[in-house]
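K.L.:
This is the structure alone, sequence omitted:
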């Protein structure tokens, strides 16, 4: 399934050649992240949900490709905003090419995403094609709002955050495009009525947050399998649940010390990485975060069991598997 | 008409309040450029074209609002990419707020544009709503390709360009979203068949290039009425027809001198502005550019006369007026 989506994107949706060399470079840049290949989890959830609601794999392929294109263009912009160095084990696009070209490439890829979704018109008919696009618009609204929260915390040097702040940000920034919309889009592609998909919001919310917490844990524990640079989140000053928890459990001088380290520049912070990692270990913060992810997963699984799937029961079972995988994966 | 589009955008499409302060800031930033108010030329062309093809003003309002939203989000990103200081007489968004937040705001506004277009479904029906969105996708593809050409020239320090290179870039970067698509979108909103709108590509191409040349001339001649900073194009090193012509007519040491000045940083270049302006004056480059704009206008007017409008003849006449205005305006 993943290879079908990748082929659709690379062979049919994204252009490859143009007589103007500058434009051919744009095409090469647009293909860069898609060619690196991601986990493909979002398209997988979308296609599997479509089958669980009685649709076929091919009903959901263009929509799944749209999700993958969304992930790719927003990662290009996120990487610029966060000053990230690596993406999927290679230099981020704005480090491989001039950053102004990378920014423009994100916009170009964004438009190609909508163009792919417009092709649903032939496959799914006009009404379903429009329903799918409505969901995409909502999903992007949520994602950019979550991104704004996270970026604002960094810009304003906000440190007094609670786990609830994190859950709210993370629901918008991660849950919508990682789980909620992939589940709902599968249903829409299968022809389910938009109203009937409301219960998927709750399951997707908790599962998405669990996924992100696990991702943040991986950034501080995984080896070479993980595509981002080790401990990049700490260098970027990302407000992860881990950091928020550390600032809650560390007291007095020690908390002050953490805030001081994060007030410094990214490069200066690098010299204090071991000190931060030592505190995270001492306060068992990773274990706390993993426990949270696990308990969110249990809630999500319980909610998924209440959904009335109208199609393939095997597909519904695979959605539970992917839920477990999302907080147990080691990459 | 302009006020109807502005009201639609500010009162119905863009949100205003949110309990999360960071998100309310996003909304404020999204409203910033729209509230500054532009010339409104693109929505005007769209609505007027709709009437000339037999539709009503209200048939085209959401589509016209989409064009204005497009202009606003792409300007936010363009201003970041070009390092622009001013926009419509006030600091560019990334100079008023943190630039990472401005980048994200552009993406958020981009999604709201598609959401506005999806509302055409109720007004125009599913088929026309989808036709309008097809045109938007094409328009954004062209615009980002043109932007990539222009940015690449700056990044690669390309100076050996011909007026033909400029026309090709400018057709993509300016003509499509300024004239071609506004004309065609008006027709689509009125229910014209997409095939019947093909002739508008030629008229819109020449008129758009004429508009951009005039804009570049204004940047070097206009007073306080012009929203961008005086001579900002020269400081940014933009490959305008003016600069390309100067590099063609200046010979030997003098040409070398121009290339040298443009090899310097923006700040250093500022000290040599008078020298550049002196050469532009001496070689009568602005007069050359204005002549080109005028002759493109004549061609566009001739092509417009061949279009078979099926609606209001007064509206078709107003399209000729706006064509003239676009190369005669002084702001």
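P.N.:
Structure's in. What do you need? In this text, all values refer to a predicted model and were calculated from it rather than measured experimentally.
K.L.:
Any idea which helix or strand in chain A has the lowest mean pLDDT?
P.N.:
Scoring the helices and strands of chain A by mean pLDDT, DSSP states H and E places helix A:232-236 at the bottom, with a mean of 85.
K.L.:
From the contact counts, what lies against that helix?
P.N.:
helix A:200-219, helix A:241-249, helix A:266-270, helix A:273-282 (3 or more C-beta pairs under 8 Å, 6 or more residues apart in numbering or on different chains; DSSP states H and E). C-betas here are computed from N, CA, C, even on glycine.
K.L.:
Quick one: list the elements packing against the longest one.
P.N.:
To tie it back to what came earlier, the one meant is helix A:200-219. helix A:163-170, helix A:181-189, helix A:232-236, helix A:241-249, helix A:285-306, helix A:313-328.
K.L.:
and the longest helix along chain A, average pLDDT?
P.N.:
Scanning chain A for the helix with the most residues, using DSSP state H, yields helix A:126-155. Averaging pLDDT along helix A:126-155 yields 97.
K.L.:
Tell me the helices and strands packed up against it.
P.N.:
Counting contacts by 3+ C-beta pairs under 8 Å, 6+ apart, helix A:126-155 is packed against helix A:57-82, helix A:99-118, helix A:120-124, helix A:163-170, helix A:181-189, helix B:21-36, helix B:99-118, helix B:126-155.
K.L.:
most packed of these?
P.N.:
Ranked by mean neighbour count under mean count of other C-beta atoms under 10 Å in any protein chain shown, those are led by helix A:181-189, which reaches a mean of 30.
K.L.:
for it, the distance to its chain's centre please.
P.N.:
16 Å (C-alpha atoms, centre = their mean, to the nearest Å).
K.L.:
Who are the packing partners of it?
P.N.:
Applying 3+ C-beta pairs under 8 Å, 6+ apart, one finds that helix A:181-189 contacts helix A:41-52, helix A:57-82, helix A:126-155, helix A:200-219.
K.L.:
any chance of those helices in JSON lines, with distance to residue A:187 too?
P.N.:
As requested, these are exported to JSON lines (distance: least, C-beta to C-beta, whole Å):
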{"stretch": "helix A:41-52", "distance to residue A:187": "6"}
{"stretch": "helix A:57-82", "distance to residue A:187": "10"}
{"stretch": "helix A:126-155", "distance to residue A:187": "9"}
{"stretch": "helix A:200-219", "distance to residue A:187": "7"}
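K.L.:
Tell me which of these lies nearest to residue B:15.
P.N.:
Closest to residue B:15 of the helices and strands packed on helix A:181-189 is helix A:126-155 (C-beta to C-beta; 8.8 Å).
K.L.:
what's the offset of that closest one from the middle of its chain?
P.N.:
Taking C-alpha atoms, centre = their mean, one finds helix A:126-155 lying 12 Å from the centre of the chain it belongs to.
K.L.:
Please point out which parts of stretch A:316-331 sit buried.
P.N.:
Buried positions in stretch A:316-331, judged by neighbour count with 16 or more other C-beta atoms under 10 Å in any protein chain shown: A:316, A:318, A:319, A:322, A:323, A:326, A:327, A:329.
K.L.:
so which of the helices and strands packed on helix A:181-189 gets nearest residue B:142?
P.N.:
Within these, the stretch nearest residue B:142 is helix A:57-82; the backing value is 17.5 Å (C-beta to C-beta).
K.L.:
The closest one and chain B, any residue contact?
P.N.:
Yes - counting by C-beta under 8 Å from any C-beta of the partner chain, chain B is contacted by helix A:57-82 at A:74, A:77, A:80, A:81, A:82.
K.L.:
any idea of the mean pLDDT in the next helix or strand after that helix?
P.N.:
Sequence-wise, the next helix or strand downstream of helix A:57-82 (DSSP states H and E) is strand A:86-87. Averaging pLDDT along strand A:86-87 yields 90.
K.L.:
Which residues does strand A:86-87 contact?
P.N.:
Strand A:86-87 has contacts (C-beta atoms under 8 Å, 6 or more residues apart in numbering or on different chains) with A:33, A:36, A:75, A:79, A:92, A:93, A:227, A:228, A:229, A:232.
K.L.:
redo that, cut-off 10 Å
P.N.:
Here strand A:86-87 makes contact (C-beta atoms under 10 Å, 6 or more residues apart in numbering or on different chains) with A:32-33, A:36, A:38, A:72, A:75-76, A:78-79, A:92-96, A:226-230, A:232.
K.L.:
In its sheet, which strands sit next to the next helix-or-strand element following that strand, and in what direction?
P.N.:
Counting by DSSP H and E, the next helix or strand C-terminal to strand A:86-87 is strand A:90-91. In the sheet, strand A:90-91 lines up against strand A:86-87 (antiparallel) (DSSP bridges).
K.L.:
Tell me where the model's unsure across the stretch 201-331 of chain A.
P.N.:
For the stretch 201-331 of chain A, the stretches flagged by pLDDT under 70 are A:222-228, A:331.
K.L.:
so which of the buried residues of stretch A:316-331 would you say is closest to chain B?
P.N.:
When the buried residues of stretch A:316-331 are ranked by distance to chain B (C-beta to the nearest C-beta), residue A:326 comes first, at 25.1 Å.
K.L.:
can you pull the contacts of that closest one?
P.N.:
By C-beta under 10 Å, 6+ apart, the contact set of residue A:326 is A:39, A:41, A:45, A:178-179, A:207-208, A:210-212, A:214-215, A:293, A:297, A:300.
K.L.:
And the pLDDT for residue A:1?
P.N.:
pLDDT, read off for residue A:1, is 69.
K.L.:
Could you pick out the residues of the stretch 151-300 of chain A near chain B for me?
P.N.:
The stretch 151-300 of chain A comes close to chain B at residues A:151, A:152, A:153, A:154, A:155, A:156, A:158, A:165, A:168, A:169, A:172, as judged by C-beta under 10 Å from any C-beta of the partner chain.
K.L.:
7 Å instead, please
P.N.:
A:151, A:152, A:155 (C-beta under 7 Å from any C-beta of the partner chain).
K.L.:
How about the first one: what's its closest non-neighbour residue?
P.N.:
If the residues on either side of it in the chain are set aside, residue A:151 comes closest to residue B:100, at 5.2 Å by C-beta to C-beta, 6 or more residues apart in numbering or on different chains.
K.L.:
go on, residue A:212?
P.N.:
Leaving aside its sequence neighbours, residue A:212 sits nearest to residue A:174 (C-beta to C-beta, 6+ apart; 4.2 Å).
K.L.:
just residue A:194 next, same as before
P.N.:
Leaving out its chain neighbours, the residue that sits closest to residue A:194 by C-beta to C-beta, 6+ apart is residue A:131, at 5.9 Å.
K.L.:
And residue A:90, by the same measure?
P.N.:
Nearest non-adjacent residue to residue A:90, counting by C-beta to C-beta, 6+ apart: residue A:36, 6.3 Å away.
K.L.:
Likewise for residue A:43?
P.N.:
Distances taken as C-beta to C-beta, 6+ apart place residue A:64 nearest to residue A:43, at 3.5 Å, with adjacent residues excluded.
K.L.:
Give me the neighbour count for residue A:162.
P.N.:
Applying the criterion other C-beta atoms under 10 Å in any protein chain shown, we find 10 residues in the vicinity of residue A:162.
K.L.:
State the distance from the closest residue to it other than its chain neighbours to chain B.
P.N.:
Take residue A:162 and drop its neighbours on the chain: the residue closest to it by C-beta to C-beta, 6+ apart is residue A:244, 7.1 Å away. Per C-beta to the nearest C-beta, to the nearest Å, residue A:244 is found 15 Å from chain B.
K.L.:
Run a quick neighbour tally on residue A:244.
P.N.:
What residue A:244 shows, counting by other C-beta under 10 Å, is a neighbour count of 20.
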